[in-house]
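S.K.: Please work out how this folds:
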Amino acid sequence: MILKDIQRELDADLLVGQDNLDLAIEMACGADLLSDVLAFAKSGALLLTGLTHPQVVRTTEIAEIKAVCFVRGKRPLPETLALAEEMGLPVLCTALPMYEACGRLYRLGLPGCSQAGEDR
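M.R.: Below is the predicted model:
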């Protein structure tokens, strides 16, 4: 699934990464604990989270996450956006709660990290 389709389905604002709307997203992961992201997310995923501090962006770099979407109408801190822009990480924001955002993407066929093949 491409980022533009995700943006449309989640009725999300694209805050960073206007040049990355054709980015292929292979799977999604929803988490509000960065330790869970490090433990369970897989390379190539979209991270859905309510955490807005810069450490989220640092964690996406370590976990090789392709994009992040802030849920529940949360807006990232200015320093979070600056870091994401510096690192080339697309950032979306949606008013949807995490459960509904993940459910919509799953319904469209985007697998979760637990469903992705073990070779990732």
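
S.K.: quick one: buried residues of the lowest-mean-pLDDT helix or strand in the chain?
M.R.: Lowest on mean pLDDT, DSSP states H and E among the helices and strands of the chain sits helix 34-40, with a mean of 91. By 16 or more other Cβ atoms under 10 Å, the buried positions in helix 34-40 come out as 34, 37. C-beta: built from backbone N, CA, C; applies to glycine.

S.K.: So what touches the next helix or strand after that helix?
M.R.: Sequence-wise, the next helix or strand downstream of helix 34-40 (DSSP states H and E) is strand 45-49. Defining contact as Cβ atoms under 8 Å, 6 or more residues apart in numbering, one finds that strand 45-49 is touched by 3, 6, 25-32, 37, 41, 56, 60, 63, 65-71, 98, 101-102, 105, 110, 113, 116.

S.K.: Which members of these occur in strands, if any?
M.R.: Of these, the ones assigned to strands by DSSP state E are 27-30, 67-70.

S.K.: related to what we said a few turns ago, narrow the contacts of strand 45-49 to just the buried residues.
M.R.: Looking at those with 16+ other Cβ under 10 Å, the buried ones turn out to be 3, 6, 25-31, 37, 41, 56, 60, 63, 65-71, 98, 101-102, 105, 110, 113, 116.

S.K.: ok, back up a step: who are the packing partners of the least confident helix or strand of the chain?
M.R.: Judged by 3 or more Cβ pairs under 8 Å, 6 or more residues apart in numbering; DSSP states H and E, helix 34-40 is in contact with helix 55-63.

S.K.: Tell me the helices and strands packed up against the helix it packs on.
M.R.: Counting by 3+ Cβ pairs under 8 Å, 6+ apart, helix 55-63 packs on helix 34-40, strand 45-49, strand 67-70, helix 78-87.

S.K.: next one: that helix to chain centre, how far?
M.R.: Relative to the chain's own centre, helix 55-63 is displaced by 11 Å; criterion: Cα atoms, centre = their mean, to the nearest Å.

S.K.: Could you export that helix as CSV, CA atoms only?
M.R.: The C-alpha coordinates for helix 55-63 follow below in CSV (Å, rounded to 0.1, in the frame of the first residue of the first chain):
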residue,chain,number,x,y,z
GLN,A,55,12.4,9.9,20.8
VAL,A,56,9.7,8.4,18.6
VAL,A,57,11.6,9.5,15.5
ARG,A,58,14.9,8.2,17.0
THR,A,59,13.1,4.8,17.6
THR,A,60,11.8,4.7,14.0
GLU,A,61,15.4,5.1,12.8
ILE,A,62,16.6,2.1,14.9
ALA,A,63,13.6,0.0,13.9
